[in-house]
Each structure stands twice: as C-alpha cells, then as structure tokens.
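**Student:** A structural model of the following input is requested.
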Amino acid sequence: MGSLFPIVDAEIAGEMCPLFFHLGRPDTLAALLDSAGFDAVAVRPLPATLGYADADDACDAAFIGGPAALAWSRFDDDVRGHVRTLYLQSIDRWRVGDRYEVPGEFLIAAGRAAADGAVSVPPTSSDGMPAAHSGQSRGAHES
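**Tutor:** This is a model prediction of the structure:
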C-alpha cells in the first residue's frame, strides 16, 4: 500500500497509536498462533491488487475505513491534508488515468490445534494488542 504506514507514523506523537498492522509481519503472526498453542503454523502471502476509482476512493479506503482510521480520526485538517498529499504521491506510480491499481499483500495464517487440544488466548499488552514475542516460533515459515 505504498508508504502509508511510515507516512502516518511520522505524524503520530507519543503513544497515541501503536504501529499499525504489526501483525502484518510473518514472524509476529506466526508467534501469536504458536503462543496460542497451535502446531504446524504456516504463514503465506496472498497477493492482491487494490483497485480504487480515484484519489478520494484510495484515501477513504486507507484513512476512513482502513488501517490508518484511528490516527486519521485524531488528525486536524492541516495534518490530514499533508498526509493525504504524501500518500497520493506514494501511490502515484500505480495511477492509471483517475484510477489506482495498487499492489498489495495479505498474510494468511493457519495452524493445527495441538494434539492435546489445548489452545489458549495469548497474553495481551496494556494497549490490548497481542504481547510481543521474541525468538522464532516453531513451524513458522515465510513463502
């Protein structure tokens, strides 16, 4: 999605919002499933093209109903204008006329319940997000 996350992160002061989509990293998503007790954890990318009718559609998808919505809701009009301009510049290479055809990728994760059937909810941090995990998770791999 272009450079959406670094653009938005640069405008966030303090601890207002965590890094968006930290689960979008294969090692983090795999570690979460592993810590919940799943075996044979696998994470694979699913490529997609994100099609938008125009600049407003692309920005609405990212900022109003998408991954940056929380931060966007806290930005004033000046910051919104700045972030919107930077985002559109970052996806301009995928503009076709008024439309945008932005390459994207989703991570799909799967795991098998442990033989003993014990699957648990992993611990969360104070912000309600899954707690960070260190080290490699068993069975996780990238495609």
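**Student:** any idea how far D27 is from D98?
**Tutor:** Distance, D27 to D98, by Cβ to Cβ, to the nearest Å: 38 Å. C-beta here means a position set from N, CA and C on the backbone, and glycine is covered the same way.
**Student:** likewise G111?
**Tutor:** Distance, G111 to D98, by Cβ to Cβ: 42 Å.
**Student:** ok, those two, which is more surrounded?
**Tutor:** G111 (21 against 11; other Cβ atoms under 10 Å).
**Student:** Show me the beta-bridge partners of the spatially closest residue to that one that is not a sequence neighbour.
**Tutor:** Computed as Cβ to Cβ, 6 or more residues apart in numbering, the closest residue to G111 that is not its neighbour in sequence is F38, at 2.9 Å. Applying DSSP bridges to F38 gives these bridge partners: A113.
**Student:** Looking only at residue counts, what's the top helix in the chain?
**Tutor:** For the chain, the helix that runs over the most residues, judged by DSSP state H, is helix 77-91.
**Student:** And the average pLDDT for the following helix or strand past that helix is what?
**Tutor:** Counting by DSSP states H and E, the next helix or strand C-terminal to helix 77-91 is strand 95-96. The average pLDDT within strand 95-96 is 98.
**Student:** So which residues make contact with strand 95-96?
**Tutor:** Residues from elsewhere that reach strand 95-96, judged by Cβ atoms under 8 Å, 6 or more residues apart in numbering: none at all.
**Student:** distance of S90 from D116?
**Tutor:** From S90 to D116 the distance is 47 Å (Cβ to Cβ).
**Student:** between these two, who's got more neighbours?
**Tutor:** Comparing S90 with D116 by other Cβ under 10 Å, the one with more neighbours is S90, at 16 against 7.
**Student:** ok so, going back, who touches the residue nearest to G111 in this structure?
**Tutor:** Neighbour list for F38: G111, R112, A113, A114, V119 [criterion: Cβ under 8 Å, 6+ apart].
**Student:** Same question for D57.
**Tutor:** Per Cβ under 8 Å, 6+ apart, neighbours of D57: Y100.
**Student:** A helix includes it, no?
**Tutor:** Yes - membership of D57 in a helix is supported by DSSP: H, G, I helix; E, B strand; the rest coil.
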